[in-house]
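A.B. asks: need coordinates for the following:
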Amino acid sequence: MPPEYLMGLLLHIEVVVLDTCKENPSLIDKDIEFVYQKLERYFKTLASGKIVDEPSSTFKNKEILIDAILDALDERDEENMDDFIIQDVNYLYDNKTIPSIDYLNMLAFKRLAKSVKMWRKKDGRKGYQNYIADFLKKLDEDEDED
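C.D. replies: This next block holds a predicted model:
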């Protein structure tokens with residue numbers, strides 16, 4: 001399981017991904033994996049202090065997914081949803097504080113890329129999408145019980 005402080009960010013990204021996949025049914029897990037890896041590299045570069053253009057793709061569906069995720073992250077940033085994690089000794093990664101939102105995003109995409117790869121290999125072309133859908137359904141059921 002990921003650290004608790006990452007859960008909100010991971011779930012937000014996964015909801016956006018699932019919604020985008022529903023609107024674009026030709027998206028498969030390999031596309032999502034590609035996008036996650038591209039975003040991981042992008043945020044890693046930003047976290048190192050370098051300036052880089054936003055990621056893009058010549059494939060329409062991948063570009064739509066990139067844009068949807070970046071829009072969601074912009075909203076999170078505008079609402080300061082993850083600011084409490086930054087430079088706080090209560091939220092450590094490898095025994096160090098998380099220095100920036102870009103670094104936090106990089107960590108999230110690193111974890112998500114591993115997850116999509118695992119579910120794709122385990123359950124096929126849309127195994128990750130099915131996993132997300134099942135996981136979110138279970139979360140909703142658990143909330144309804146409370």
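A.B. asks: quick one: the helices in this protein, in order.
C.D. replies: Secondary structure of the chain (DSSP state H): helices at 4-23, 29-47, 60-78, 101-123, 127-145.
A.B. asks: wait, which of those helices is closest to residue 90?
C.D. replies: When those are compared by C-beta to C-beta, helix 4-23 sits nearest residue 90, at 8.2 Å. C-beta: built from backbone N, CA, C; applies to glycine.
A.B. asks: show me what the closest one is packed against.
C.D. replies: Helix 4-23 sits against helix 60-78, helix 101-123, helix 127-145, with contacts defined as 3 or more C-beta pairs under 8 Å, 6 or more residues apart in numbering; DSSP states H and E.
A.B. asks: tilt between it and helix 127-145?
C.D. replies: For helix 4-23 against helix 127-145, the angle by axes from the mean of the first three to the mean of the last three C-alpha atoms, to 10 degrees is 110 degrees.
A.B. asks: identify each buried residue in helix 4-23, please.
C.D. replies: Along helix 4-23, these residues count as buried under the neighbour rule (16 or more other C-beta atoms under 10 Å): 5, 6, 9, 10, 12, 13, 14, 16, 17, 18, 20, 21.
A.B. asks: how close does residue 83 sit to residue 76?
C.D. replies: Distance, residue 83 to residue 76, by C-beta to C-beta, to the nearest Å: 10 Å.
A.B. asks: of those two, who's got more company?
C.D. replies: More neighbours surround residue 76 than the other of residue 83 and residue 76, with 19 against 13 (other C-beta atoms under 10 Å).
A.B. asks: ok, that one - contacts?
C.D. replies: If you count contacts by C-beta atoms under 8 Å, 6 or more residues apart in numbering, residue 76 has them with 9, 12, 82.
A.B. asks: quick one: the last one and residue 102 touch, right?
C.D. replies: No: taking contact to mean C-beta atoms under 8 Å, the distance of 10.8 Å between residue 82 and residue 102 leaves them out of contact.
A.B. asks: contacts only, for the closest residue to residue 100 other than its chain neighbours.
C.D. replies: Spatial nearest neighbour of residue 100, excluding adjacent residues (C-beta to C-beta, 6 or more residues apart in numbering): residue 47 at 5.7 Å. For residue 47, the contacting residues are 99, 100, 102, 103, 106, by C-beta under 8 Å, 6+ apart.
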